[in-house]
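Sequence first, predicted coordinates after that:
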Amino acid sequence: MSQLKQLITNDMKLAMKAKDKEALKAIRMILGAIKQKEIDERIELTDEQALSVIQKMVKQRKDSISQFSDAGRTDLVDIEEAELLIINNYMPKQLSRDEVEAAVIKAISETGADSMKDMGKLMGVLKGQLDGKADMGDVSQLIKAKLS
């Protein structure tokens with residue numbers, strides 16, 4: 001069992017003992033998504049693969065919060081935000097905007113990118129460095145701003 005899955009399982013046990021229904025619900029949702037991916041692909045997920053499942057859950061929650069806010073459903077926004085807080089506990093420490101910008105500038109100089117045609121090459125380089133540590137949508141916007 002990967003370290004990340006072990007950590008999540010231990011946190012689930014702690015939430016059960018503490019009778020923390022909100023945390024327990026979110027943690028079970030995370031474990032369920034990881035197990036579903038394992039069953040679908042018939043493999044045991046590594047920490048990196050489990051992290052990608054968690055990243056997807058974070059993105060889904062952010063999208064839901066945006067849509068529920070637009071629809072005026074503050075009750076559902078509160079639920080999604082509570083789940084997002086718990087899910088974010090399992091994400092690596094996020095880089096600051098300045099750190100992300102420095103990585104983008106460094107990648108541009110290393111690859112010699114000078115136009116939007118080089119966007120794919122830059123995203124490929126940066127995805128390996130920043131995946132899980134920064135929102136790749138924000139990285140994409142930074143690259144566009146630097147190259148245009």
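In hand now; what should we look at? Numbering: from 1, shown residues only.

So which residues of the chain form helices?
Per DSSP state H, the chain carries helices over the ranges 3-18, 21-41, 47-70, 74-88, 97-111, 119-130, 136-147.

Please convert those helices to TSV, extending it with mean pLDDT and mean neighbour count.
C-beta coordinates here come from the backbone N, C-alpha and C atoms, glycine included. As requested, the helices of the chain are exported to TSV (pLDDT from 0 to 100; neighbours: other C-beta atoms under 10 Å):
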stretch	mean pLDDT	mean neighbour count
helix 3-18	96	15
helix 21-41	96	15
helix 47-70	94	16
helix 74-88	95	16
helix 97-111	89	15
helix 119-130	88	15
helix 136-147	87	15
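
how about the nearest residue to the residue most central in space within the chain, chain neighbours excluded?
Compute the mean C-alpha point of the chain, and by C-alpha atoms, centre = their mean the closest residue is Gln55, 2.6 Å away. For Gln55, ignoring the flanking residues on the chain, the nearest one in space by C-beta to C-beta, 6 or more residues apart in numbering is Gly132 at 6.1 Å.

if I look at that neighbour, how far off is Tyr90?
Using C-beta to C-beta, to the nearest Å, one obtains 10 Å as the distance from Gly132 to Tyr90.

Spit out the residues that contact the two alike.
Residues touching both Gly132 and Tyr90 (C-beta atoms under 8 Å, 6 or more residues apart in numbering): Leu51.

where's the residue nearest to the centre of the chain relative to Arg73, distance?
Per C-beta to C-beta, Gln55 is found 24 Å from Arg73.

ok, back up a step: dump the residue contacts of the residue nearest to Gln55.
51-52, 55, 91-92.

pLDDT value on it, please?
Looking at Gly132, its pLDDT is 80.

for it, phi and psi?
Per-residue torsions, Gly132: phi 90, psi -20 (degrees, to the nearest 10).

Neighbours of Ser115, how many?
Other residues near Ser115 come to 8 when the count uses other C-beta atoms under 10 Å.

Now for the spatially closest residue to it that is not a sequence neighbour: which residues touch it?
Once flanking residues are discounted, Ser115 sits nearest to Leu147: 6.2 Å by C-beta to C-beta, 6+ apart. Leu147 is in contact with 108, 113-116, 118-119, counting by C-beta under 8 Å, 6+ apart.
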